[in-house]
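Colleague: sequence plus the predicted model coming up.
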Amino acid sequence: MDEVKRLLEGFADEAADGLPTADIDADVARGRRALRRIKRRRRVTGVLCVAAVSAAVLAIGNQVKWWGNPGTEVAGGPSDSETAQAAPSSSSPAPAEGGETMSMFGASVVELVANQQSWNTIGCTLAPKGWSAETPIPQDRVILSQPTMRTADTDTKVVLQAAPEARTLASVQVTRSAGKTFHIGRLDGRVAGQVKLPDQWLLVELPAGDKDWNPELLRRFLDSCTVN
């Protein structure tokens, strides 16, 4: 065994003697150059990846913009916007005329304006626009009608009447405002309201089936009236 070991050591020494002297500096320089090449390849690869992503984003953005552009013309027919403009707008409501307000159901609401007429013992500073007192005017009653009305039936007119006692109203709602008590309800099938004044009650009956009045308008009308 010792002889074999010595023989192997001799072969190793002869092989080492035949190799050139190691150049450590040259090896380090070659390693640094290799690292620099690897870094340059990584930078170039990163730049190419960023460019590819940017191009893809631009392409997708332009396509989305094209699809979402309402003014883009398409071969074979007019654009949707042109078709919508050409179609008649039959469902849109007509604008209110004469400064009238609109209710939530589209029907015109009575407009209260300053009253320029002198009535009897009943007087109101407000009156429905276009309505006037019929003559001759009774002592404790006022009938308001429109000029187009040609009937003596008071069911289509506004009737104001003073009385010492309150009338019994159906489905009545009682409110109090500015020291006054208001009753809003129905009388013989007609919407009616009454207010307690210092000496007596004032009753207002609205036209039968009239949808142009609402409780707030009726309360304002009653609030503007006095009885002497």
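Modeller: Nice, I can see it.
Colleague: what about Leu160, how many neighbours?
Modeller: 23 (other CB atoms under 10 Å). All C-beta spots, glycine's among them, are computed from the backbone N, C-alpha and C.
Colleague: dump the residue contacts of it.
Modeller: With contact taken as CB atoms under 8 Å, 6 or more residues apart in numbering, Leu160 is in contact with 122, 124, 141-144, 202-204, 225.
Colleague: neighbours of Glu134, just the number please.
Modeller: Using other CB under 10 Å, Glu134 has 16 other residues around it.
Colleague: is it in contact with Pro147, as I believe?
Modeller: No. Look at Glu134 against Pro147 with CB atoms under 8 Å: they stay out of range, at 10.7 Å.
Colleague: who's the spatially closest residue to Thr154 that is not a sequence neighbour bridged to?
Modeller: Nearest residue to Thr154, sequence neighbours excluded (CB to CB, 6 or more residues apart in numbering): Ile143, at 6.1 Å. Beta-bridge pairing of Ile143 under DSSP bridges involves Val159.
Colleague: what sits against Ile143?
Modeller: Ile143 is in contact with 133-134, 154, 157-160, counting by CB under 8 Å, 6+ apart.
Colleague: what do you get if the cut-off is 7 Å, keeping everything else the same?
Modeller: Residues near Ile143 by CB atoms under 7 Å, 6 or more residues apart in numbering: 133-134, 154, 157, 159.
Colleague: repeat that for Leu169.
Modeller: By CB under 7 Å, 6+ apart, the contact list for Leu169 reads 183, 185-187, 192.
Colleague: one more time with 10 Å, if that's ok
Modeller: Neighbouring residues of Leu169 by CB atoms under 10 Å, 6 or more residues apart in numbering: 183-187, 191-194, 203.
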